[in-house]
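[1] Just to be clear, the model below is a prediction. Sequence and coordinates:
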Amino acid sequence: MKHGGSAPNTTPLWPLSGSKSHIHDVSPSLFHVITELLNLINAAQYRKQFAFTEGTKSNHKTQIKEYKNFCQKHKLDSLNPSELIISAYIEHLAGKLTSFRSINNYISGVRFYLRYNRRSTASIDNFHVKLLLQACEMTVQSESRKKLDITFQQFKLLCKACDKMGSKGILLKVAICFCFYGMVRQSNVCPRASYKFHPNKFTARKCVTFQDPGLVLSLPWTKTRQAGGQPLLVPMPKLNDKSICPVQAYKNLIKLQPTVSQNQPLLAAKDGKSISCRLLTRWFKQALGLAGLPQNTISLHSLRRSAATIMAHSGVNIANIKTHADWKSTSSFWQYVSAQRPEDSVVAKALRALSAR
């Protein structure tokens, strides 16, 4: 049967799989357009991996793994969960995790997993799921993981403890001084595992320079500053008391381990590889024991918080502390800074003076 008019152009933009068409059948101009488009799509896909910090990507990986394991155990489709499945998963998390915040973070991980795979999140945003999360907030008892601060006197005790630990004490004192005076995060001092060390992320010898009257630490990467930005410059003072001086601690380190390469780790084992966070933590707990301080309530991160607290209560401008310690958010800064100790409180001193009259 004949139809009037010309037949529509049904030639596909790109040859279909299994067809007899070949790539050379496409005109050069169209081939150039398609190639350029594909390159842009691939570049966009590649750029997506830089949307999150390494810490956030690690959290996503853990959260998604937990969710997929739950679905696999109960023979469920992880990409098409119903409201009841999400509710069951929340109850599973409530029996496993110790805080509502953690539960909420894991559910956010599921939401990200579904969105990344272009699936609906309606089951998570459902009223009854939100009601269950609200109930978890009211019923799941949170266990605080916040570590205790230390005083400056306790910091001195830690430094003295390092002096009793031999060569590992020399490495540990550098870490302690950098975390305290520089308010540096432990994640910048050394990697979680030795093989993960990279001189453009963790502190290498090239990152430390002597600059009168002390040291300057140049951090190319931090939790809040990603690759491509300006390095964070952290000055550290030279002190008259050499037992607690960061400059002297670093001098002792380069005497023990001379600089062979600018890319060598700041803290290295005998084989030249970076020490890991786990090993550094073990040394730190040993130093706490020697100093007579509690080993389970003080961490290396306590040094960063303690220094910020001491500076804030000593009258140092908050903006200066945030810049030095690389805090972007004022609200997060105040979450780290602890309340004044009773002996340091101006109000407490005034009340004592009043009661003495």
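    Received it, and whenever you're ready, just let me know what you need. This one's a predicted model, so the numbers in the text were calculated from it and none came from an experiment.
[2] got a list of contacts for stretch 284-300?
    147-148, 150, 154, 157-158, 160-162, 164-165, 169, 172, 175-176, 179, 186, 189, 280-281 (Cβ atoms under 8 Å, 6 or more residues apart in numbering). (Each C-beta comes from the backbone N, C-alpha and C, glycine too.)
[3] buried subset of those residues?
    147, 150, 154, 157-158, 160-162, 165, 169, 172, 175-176, 179, 186, 189, 280 (16 or more other Cβ atoms under 10 Å).
[4] What number of residues are in the vicinity of residue 197?
    Residues near residue 197, counting by other Cβ atoms under 10 Å, number 23.
[5] Check whether it really touches residue 191, as I assumed.
    Yes - contact criterion Cβ atoms under 8 Å: residue 197 and residue 191 qualify, at 4.9 Å.
[6] show me where the protein has strands.
    208-211, 214-219, 232-236 (DSSP state E).
[7] low-scoring stretches of the stretch 151-300 of the chain, by residue?
    225-229 (pLDDT under 70).
[8] how does it look with 80?
    Flagging of the stretch 151-300 of the chain using pLDDT under 80 yields the residue ranges 222-230.
[9] got the contact list for the residue nearest to the spatial centre of the chain?
    Per Cα atoms, centre = their mean, the C-alpha nearest to the average position across the chain is that of residue 55, at 4.3 Å. Contacts for residue 55 (Cβ under 8 Å, 6+ apart) come out as 187, 223.
[10] I'd like to know how far it sits from residue 192.
    11 Å (Cβ to Cβ, to the nearest Å).
[11] Tell me where the chain has helices.
    28-47, 54-73, 83-94, 100-116, 127-139, 152-162, 166-181, 186-189, 246-256, 277-291, 300-313, 318-325, 330-336, 346-355 (DSSP state H).
[12] Can you tell me which of the ones you listed is nearest to residue 212?
    helix 246-256 (10.0 Å; Cβ to Cβ).
[13] Can you list the buried residues in that closest one?
    246, 247, 248, 249, 250, 252, 253.
[14] Need the residues that contact that helix.
    Contacts for helix 246-256 (Cβ under 8 Å, 6+ apart): 167, 170-171, 173-174, 177-178, 181-182, 205, 208, 210, 214-215, 236-239, 242, 266-267.
[15] switch to 10 Å and redo it
    159, 162-163, 166-167, 169-178, 180-182, 205, 208, 210, 213-215, 217, 236-239, 241-243, 245, 259, 266-268 (Cβ atoms under 10 Å, 6 or more residues apart in numbering).
[16] between that helix and strand 214-219, how big is the angle?
    For helix 246-256 against strand 214-219, the angle by axes from the mean of the first three to the mean of the last three Cα atoms, to 10 degrees is 80 degrees.
[17] Let me know the angle separating helix 246-256 from strand 232-236.
    Using the same axes, to 10 degrees, helix 246-256 lies at 100 degrees relative to strand 232-236.
[18] Can I get helix 246-256 in PDB, CA atoms only?
    C-alpha atoms of helix 246-256 as PDB (Å, rounded to 0.1, in the frame of the first residue of the first chain):
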ATOM      1  CA  PRO A 246      58.000  22.200  68.500                       C
ATOM      2  CA  VAL A 247      61.100  23.500  66.800                       C
ATOM      3  CA  GLN A 248      63.400  21.500  69.000                       C
ATOM      4  CA  ALA A 249      61.200  18.400  68.600                       C
ATOM      5  CA  TYR A 250      61.600  18.700  64.800                       C
ATOM      6  CA  LYS A 251      65.300  19.200  65.100                       C
ATOM      7  CA  ASN A 252      65.600  16.000  67.100                       C
ATOM      8  CA  LEU A 253      63.600  14.200  64.500                       C
ATOM      9  CA  ILE A 254      65.800  15.200  61.500                       C
ATOM     10  CA  LYS A 255      68.800  14.300  63.600                       C
ATOM     11  CA  LEU A 256      67.400  10.800  64.200                       C
END
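[19] starting at the chain centroid, how far to that helix?
    Centroid separation for helix 246-256 versus its chain: 27 Å, with Cα atoms, centre = their mean, to the nearest Å.
[20] Spit out the contact partners of residue 191.
    197, 198, 201, 202, 265, 274, 275, 276, 277.
[21] closest to residue 112 among those residues?
    residue 201 (23.8 Å).
[22] how far away is the closest residue to the closest one other than its chain neighbours from residue 87?
    Taking Cβ to Cβ, 6 or more residues apart in numbering, and ignoring the residues beside it in sequence, residue 201 has residue 221 as its nearest neighbour in space, at 4.4 Å. To residue 87, residue 221 is 40 Å away according to Cβ to Cβ.
[23] So for the two, which residue has more residues nearby?
    Neighbour totals were compared for residue 221 and residue 87, and residue 221 leads with 21 against 18 (other Cβ under 10 Å).
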